[in-house]
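Enquirer: Next input, structure requested:
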Amino acid sequence: MKKAKAVGINHVALEVENIAEALEFYGHFLDFEIESQNENAAFIYFGDQFINFAQGRKQGPDDARHFGIAVDDKELARKTLEQMGVELLGGRFLDFFDPWGNRVEITTYANIQFTKADHVLRGMGLSGLVKTDDAIKELQEKDMAP
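Expert: The predicted structure follows:
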């Protein structure tokens, strides 16, 4: 049986209680473009991917369920989150709960397999980002790197 091949994650939808507060919270430690917003939803873009904030979170905090955001400078994100008073969850990852109970993991773009096309990085002003040798090796093992 033929199946559709998954190409990637286009976006993540997060439920929050207040759109303006979500934009303010995430805007304190991330640089992003607000594509559109109203009182019920907002779309923030990281180049060719986005997060959709949707008003109406009703469930309790996530436990292991989380989503990851790759950044150019993980230590800057850590420092900013600490300055904001965000409680980091400890362990080997930079995980925390946003004010609505969404669990977020911050990772460094250079250290992971996830890769953006050169033209997308250039459009984001990040054309100087390079992968670590370990990340390149992981990609090469899957025949996904030069």
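
Enquirer: from here on, contacts and neighbour counts on C-alpha atoms
Expert: Will do.

Enquirer: what mean pLDDT would you report for the helix or strand containing residue 22?
Expert: According to DSSP states H and E, residue 22 maps onto helix 19-29. The average pLDDT for helix 19-29 rounds to 97.

Enquirer: cool, and stretch 138-146?
Expert: Regarding stretch 138-146, the rounded mean pLDDT is 90.

Enquirer: who's in contact with that stretch?
Expert: For stretch 138-146, the surrounding residues in contact (CA atoms under 8 Å, 6 or more residues apart in numbering) are 113, 136.

Enquirer: do stretch 78-93 as well
Expert: With contact meaning CA under 8 Å, 6+ apart, stretch 78-93 is reached by 28-29, 94-97, 105-107.

Enquirer: Among these, which lie within helices?
Expert: 28-29 (DSSP state H).

Enquirer: Filter the contacts of stretch 78-93 down to the buried ones and hand me the ChimeraX line.
Expert: Provided next is the ChimeraX selection string for whichever of the contacts of stretch 78-93 are buried by 16 or more other CA atoms under 10 Å:
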select :29,94,95,96,97,105,106,107
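
Enquirer: what's the closest of the contacts of stretch 78-93 to residue 120?
Expert: residue 107 (18.8 Å; CA to CA).

Enquirer: give the contact list for that closest one.
Expert: Going by CA under 8 Å, 6+ apart, residue 107 touches 68-71, 74, 93-94.
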